[in-house]
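**Student:** Got a predicted structure plus its sequence, pasted below:
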Amino acid sequence: MRVVLPLIALMTLASCVDTGRVRVSLPVHGAGTDTRTFDVDDWSVTLDTATVAFGPAYFCTTAAADIDLCRNALAELRLSASFDALDPVPQVLGELRGLSGTTHSAMFDYGISWLLPAQRPAPTEGAVDGAHSLHLAGSATRGGRTIRFVADVDVLPIAPGVSATHGVPNVHTLVDDADALTVRVDPSAWARTIDFDELESLPGDPVVLTEDTTAYQALLIAMTSSRVPVLEWARASL
Amino acid sequence: MYNSNARASVLRLAVTLLAVGTALPARAQEAAPVPVAPSELTAPELLESVEPIYPRDRIGSGDEPTVYLHITVEPDGTVSEAHAEGEHDAAFDEAAMSAVRSWRFTPARRSGQPIRGRVRVGVRFRRPAEIDSESEHRRQDAHGEGEADGESESESESEAEAEADAGPTYSASGAVDPLHDATAPRAASDFVLPADLIGAAPHRDAGDLLASAPGVYVSRGEGDGVAHSVSLRGFDAEHGQDIELSMGGIPLNAPSHLHGQGYADLGFLIPEVVSAIRVTEGVYDPHQGDFAVAGSIAFDLGVADRGVTARASYGSFDTFRALLLWAPTGEREGTFGAVSYRRTNGFGAQRSGESGSTILQYETAGEGNVRARVTAALYGARYGLAGILRHDDVSAGRVPFLGAYADPSAAAQNSFAVRALLGGSIDFIGERGSFGELGVWLGYSDFRLQANYTGYTESSEQNPEWRGRGDLIEQRDSAFSLGLRGRWRSERFTPFDWLDGFLELGVSGRVDIRDQTQNLLDGTNNQTWDRRVQANVRASDIGAFLDLDLHITEYVHLRGGVRGDVLLYDVDDALGNFIPAVRPDTYLVGFRRTALGAAAGPRLTLEVVPVHGLTFSIAYGEGYRSPQARTLADGETAPFAKVRSGDLGVRLEVGEHHELSASVSGYVTNLSNDIAFDPGEGRLESIGPSTRIGAALYVVARPLSWLIGSLSLTYVRATIDAPPYASAVDPTPPYTAGQALPYVPPLVIRADVGADEQVATLADLPFRIRAGVGFSLLAARPLPYGDTAPPFGLLDVSAGFSWGPVDFGVDIFNLLDARYAALEYSFASNWTPTDVPSRVPARSFSAGAPLTVLASLGVRFE
């Protein structure tokens, strides 16, 4: 025993080492905005429904996250989940797992991913209605005329393994499990990019924004480029 | 008393051929001795003798043992069998037997006809310090320049006769082999593992013999066709990047190998022909060259038991091994031929394979003091590869612990290796301890690996639209190598009464021509879907050293010198300057460049010997590791990984026959540029400077003539000294002062115990039993990202017996059936391509072998 005890102590001491990073696991929330009514030019727009899917998402140490530069991600949300984008109260999306360290950029999908071996993109579990990235419904009024509209937007990655949105700058140093992430979206900002004059010429009530419409493409661009979600970091207190 | 003269002194050997008690008929089939009347016999007469080698590690002991041998002299005058009588120091027994086997006699005769004769020989060793001048005189006699020392010869004769009481007497002189003498310990962390120690516990293969060395952990996590992974006192040397490995003077590391710098596959070595392993932990010896970062390990080859041995083994997992070993009687231990074959289904999925190896060596004493040796080896292997598994996949039951991923890309993993070596050397033993040695060697190797470490994460660089076909990396590295070495040691110089020494100068050089390719393959149809490397590397290394060996009084020993190496590289990288598909071609792909660099550093050892058996030592040395050639730019002055080693320790030898020897040392090693395995590319990548600080204890005990045991404890704290290099992939790598170096086991414990004894004589044949135990314990290993690999212990046991020519044994590896990871990594991988991929590094491992039983049956004919 006189030999064994020091040996165990030595082995314990030997095992107490710092390898520079630790694994972290922290909650991810999705939050929207309560801006349901807003004006676009001379149109008065009201959003009735805005449900958006977010994920999977990867946070990378590189300045521009993409599939080649970010083979090893710092942290990831491996699932997708949809949430009410018209509710400013954070809603639980899932768990971000990863490592401590500094992230510089992010890449993510909106509920539709193109996995490496797949022939085409496909919705993931959290897709809106099991199929879409965004379900947006509302109305636009001008001069007493009201146009109801609805859009089911599919944000598709352009190639296998590539995220739909990539290279989103996001600098944050993950420390431990006390960090928290909130994905904040503003559907009104996306809707503001719609050319409502175009809707007047489209048939149907409500008008369905299809892929071949300028409005649909505007929403796509807004979601992936000009009005991407804000990724807010905070110490967990939610 | 151990003193300065002992190193270079010679010893005298008195040989007495005692009464010819029995004689054997000339025909071999009449094996049983036939008693005859002494008056009908003519005793054998010594015609030619080979000087024995005084055991190096006994030089300082002052021992003067007389070893009695029973030898059989064949009708052709050769010695076919030699057995030591009684209980003696095994080292002296082996030294005496090794020499006597090479002697030539006139045969015993009956009625004028040559017959086999059995005689008893007494070999007496005398203290080196007292017979220095005498033996020197005898050496001159051997050259025909001196006269026999009749007085001492008479003295030894009378002593031998007094003990033996009858018989004709012959004398011969012997010398401490200066080549062996020149490999005396440089530090407290300098070890020699003799045959009885490395054979005490069972070992899976020759590479596994290294497990008995202090501070070494050895595994074969990438399958039996890929080189062992070796960890040595704080260095995760992977396949040899940090350990200079050699066999009989032939270097085994492959510079700029595609799979890993310094790749050294020991698969070709046949464990039965390894006579000793010399382990230098640290770099303190000017002889140490490229890759001597953690240290150097040299395999000595030789076969003590002469004759023809055939052995077959069979056991767990349908493993079969056959060995044929031929060690012609009358030749030196260094002369033998061996061939082995092995096949197995493996201990888990995709581990089946076959391998074959042959090693031939001829060693002759030659004329005078010239000795020549030729060594040839040929090896081939092809084995399946189970690959690296994610812990979370195993925990979730998606893949068995000993299994492999059920995926076409994983199923296509395998390894293939061919190696041929041819080396020759001539050494000359001159006057007053001088010697010279010249050696040349040729090598050819072909390495091909198909391994998928990461599952489905890669995309083609040649055509970015090609993705998701599986990350099955195909690596091929074929090389032709040529090398030489030479050294010369001066006669002993004695400028003052209190000072004497030697000066040694040496050179070494090698040229390697390597062709390398790395592709991505589609495992289902073996189609190439990306090209990553296509290069031709020509690497040259020209080294020289100076080594001074000074004895300052009998208490202080100073050794050291300087070594310098010039390395040259000519790289034709056919895929260099790669043009991405998104860019227009404005030039032709390809990158050719040359580079040159020089590395030099001192090596110094100071020893103080206050009393016999107790040695304090302090050592410092600077070494280097050559760069991976393909990482060099044109005209770059070939950056080297510089290593600085310091060692402070004490060696202790206790007992008349060194029944107990021990060493304790503290050491520090700083490496300017460390490298680690990158599974994404399947090769080693730079991680920055690092430091190891540790201590080691090593004890060897021989309490009884039939019992040997050893115990080693090695502790190390290995840390990264600076933030890892920033890169496009990780511009701000995290770093905290004192950050641990991953993968390095901070504590390694090893114990070996072996027993071997003749317990009876049955039907006039000796009956021996043996048993062995080997135990390795690794403390928890730090992994990247705060993970830890759990500690584990491995217990191996063996037992067996021999009855005359028949030998039977059982080896049991991992007796406790411990479930452990032979290798652990942490990297991103994705083996479920239909799910959202994970890109965060995850713990991954290669399983170690479970309980394995092998039974062997052998027969040896002399």
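**Tutor:** Ah, there it is. Numbers count the residues shown, from 1 in each chain, chains lettered A, B, ... in the order given.

**Student:** any idea how far the closest residue to residue B:391 other than its chain neighbours is from residue B:397?
**Tutor:** The shortest distance from residue B:391 to any non-neighbouring residue, by Cβ to Cβ, 6 or more residues apart in numbering or on different chains, is to residue B:843 (4.4 Å). Placement of C-beta: from N, CA and C, glycine included. With the distance defined as Cβ to Cβ, to the nearest Å, residue B:843 ends up 16 Å from residue B:397.

**Student:** Excluding covalently adjacent residues, which one is nearest to the most centrally placed residue in chain A?
**Tutor:** When Cα atoms, centre = their mean is applied to chain A, the residue found nearest the centroid is residue A:54 (3.7 Å). Leaving out its chain neighbours, the residue that sits closest to residue A:54 by Cβ to Cβ, 6+ apart is residue A:183, at 5.3 Å.

**Student:** Give me the sheet partners of the longest strand along chain A and which way each runs.
**Tutor:** In chain A, with assignment by DSSP state E, the single longest strand is strand A:43-54. Strand pairing for strand A:43-54, determined by DSSP bridges: strand A:37-40 (antiparallel), strand A:81-84 (antiparallel), strand A:134-142 (antiparallel).

**Student:** Quick one: these as CSV, columns for mean neighbour count, distance to residue A:203 and mean pLDDT too.
**Tutor:** Below are these laid out as CSV (neighbours: other Cβ atoms under 10 Å in any protein chain shown; distance: least, Cβ to Cβ, whole Å; pLDDT from 0 to 100):
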stretch, mean neighbour count, distance to residue A:203, mean pLDDT
strand A:37-40, 14, 21, 93
strand A:81-84, 22, 29, 96
strand A:134-142, 20, 16, 95
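
**Student:** Take those and lay them out in a markdown table including distance to residue B:346.
**Tutor:** Shown next, in a markdown table, are the strands paired with strand A:43-54 (distance: least, Cβ to Cβ, whole Å):
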| stretch | distance to residue B:346 |
| --- | --- |
| strand A:37-40 | 67 |
| strand A:81-84 | 44 |
| strand A:134-142 | 52 |
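
**Student:** Go through those strands and name the closest to residue B:214.
**Tutor:** Taking Cβ to Cβ, strand A:81-84 is the member of the strands paired with strand A:43-54 nearest to residue B:214, at 55.0 Å.

**Student:** still on that earlier bit, and residue B:843 and residue B:397? which has more neighbours close in?
**Tutor:** residue B:843 (22 against 7; other Cβ atoms under 10 Å in any protein chain shown).

**Student:** Contacts only, for that one.
**Tutor:** Residue B:843 sits next to B:390-392, B:783, B:787, B:789, B:824-826 when contact means Cβ atoms under 8 Å, 6 or more residues apart in numbering or on different chains.

**Student:** Which pair in those has the greatest spatial separation?
**Tutor:** The most widely separated members of the contacts of residue B:843, counting by Cβ to Cβ, are B:392 and B:789 (14.9 Å).

**Student:** Between those two, which is the more surrounded one?
**Tutor:** Comparing residue B:392 with residue B:789 by other Cβ under 10 Å, the one with more neighbours is residue B:789, at 24 against 12.

**Student:** So that one is in contact with residue B:822, correct?
**Tutor:** No - in this structure residue B:789 lies outside contact range of residue B:822 using Cβ atoms under 8 Å: 10.4 Å.

**Student:** Residues in contact with both of these two, list them for me.
**Tutor:** Residues touching both residue B:789 and residue B:822 (Cβ under 8 Å, 6+ apart): residue B:845.

**Student:** Mind checking which of the contacts of residue B:843 are in helices?
**Tutor:** Mapping the contacts of residue B:843 onto helices (DSSP state H) picks out B:391-392.

**Student:** which stretches of the stretch 401-550 of chain B aren't confidently modelled?
**Tutor:** Low-confidence segments of the stretch 401-550 of chain B (pLDDT under 70): none present.

**Student:** And the residue of chain A at minimum distance from chain B, what's its pLDDT?
**Tutor:** When scored by Cβ to the nearest Cβ, chain A has residue A:116 as its residue closest to chain B, at 3.0 Å. pLDDT for residue A:116: 84.

**Student:** now do residue B:751
**Tutor:** pLDDT, residue B:751: 97.

**Student:** Which strand residues bridge it?
**Tutor:** When assigned by DSSP bridges, residue B:751 has beta-bridge partners residue B:711, residue B:775.

**Student:** ok, it touching residue B:793?
**Tutor:** No - Residue B:751 lies out of contact with residue B:793 (Cβ under 8 Å); the separation is 10.3 Å.

**Student:** and residue B:227, how many residues sit next to it?
**Tutor:** Other residues near residue B:227 number 26, with proximity taken as other Cβ under 10 Å.

**Student:** need the contact list for it.
**Tutor:** Shown in contact with residue B:227 (Cβ under 8 Å, 6+ apart): B:207, B:239-240, B:263-267.

**Student:** Pull the number of nearby residues for the residue nearest to residue A:54.
**Tutor:** By other Cβ under 10 Å, 26 other residues sit near residue A:183.

**Student:** Quickly find the element holding it.
**Tutor:** According to DSSP states H and E, residue A:183 maps onto strand A:179-184.

**Student:** Much appreciated, bye for now.
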